[in-house]
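> Here's my sequence, what's the structure:
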Amino acid sequence: MQFYQVSSDWIYSPVLQRIEREYGLPGIGFYWKVIAALHLADRPLPEQNLLSLRGRGLQWKEAAELLHHTTEIFVRDKQGLYYLTGDQKASGLRNTHPRTQTGTQASTRTDAQT
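Residues are numbered from 1 along each chain as shown. Next up is the predicted model:
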């Protein structure tokens, strides 16, 4: 399993408040599904894969706008693949790395995929 931590004051984030204001709760649900998908994949993903995560209440166009206009969190590379920015302050997220049996981190991941 992969885990990440979310700051408890993240609900007051200007990014999340903007998403709720513009797209409502379906936008927030889509946002968290994209976050989870990118963490699980542990690699950049195509836009089409992420857009397929949208649920009822959020139009395809709105989901695409959310991805395109949330550049504080979602970054698109030259091949059109999306990944998460490493800016923990903007995202409110902190990766937790798997630990080995000795209690040390199994790997340290950098944003070399950019």
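
> now for the helix or strand where residue 48 lies, which elements pack on it?
With secondary structure defined by DSSP states H and E, residue 48 is part of helix 47-51. Packed against helix 47-51, as judged by 3 or more Cβ pairs under 8 Å, 6 or more residues apart in numbering; DSSP states H and E, are the following elements: helix 14-41, helix 60-69, strand 81-84. C-beta here means a position set from N, CA and C on the backbone, and glycine is covered the same way.

> Can you check what angle separates the longest one from helix 60-69?
Angular relation of helix 14-41 and helix 60-69 on a 0 to 180 degree scale: 90 degrees, by axes from the mean of the first three to the mean of the last three Cα atoms, to 10 degrees.

> name the helices or strands packed onto helix 14-41?
Right, helix 14-41 is packed against helix 47-51, helix 60-69, strand 81-84 by 3+ Cβ pairs under 8 Å, 6+ apart.

> and if we set it to 6 Å?
helix 60-69 (3 or more Cβ pairs under 6 Å, 6 or more residues apart in numbering; DSSP states H and E).

> Measure how buried residue 63 is and give me the count.
By other Cβ atoms under 10 Å, 24 other residues sit near residue 63.

> my guess is it contacts residue 55, does it?
No. At 9.2 Å, residue 63 does not count as touching residue 55 under the criterion of Cβ atoms under 6 Å.

> where does the protein dip in pLDDT?
Low-confidence segments of the chain (pLDDT under 70): 1-2, 4, 87-114.

> ok now stretch 25-40, how far from the chain's centre?
On the basis of Cα atoms, centre = their mean, to the nearest Å, stretch 25-40 sits 6 Å off its chain's mean C-alpha point.

> what's across from residue 3 in the sheet?
residue 96 (DSSP bridges).

> what residue lies at the spatial centre of this structure?
Nearest to the geometric centre of the chain sits residue 35, at 2.8 Å (Cα atoms, centre = their mean).

> before we move on, the earlier item: nearest to residue 75, of the helices and strands packed on helix 47-51?
Residue 75 sits nearest to strand 81-84 of all these, at 5.6 Å, using Cβ to Cβ.
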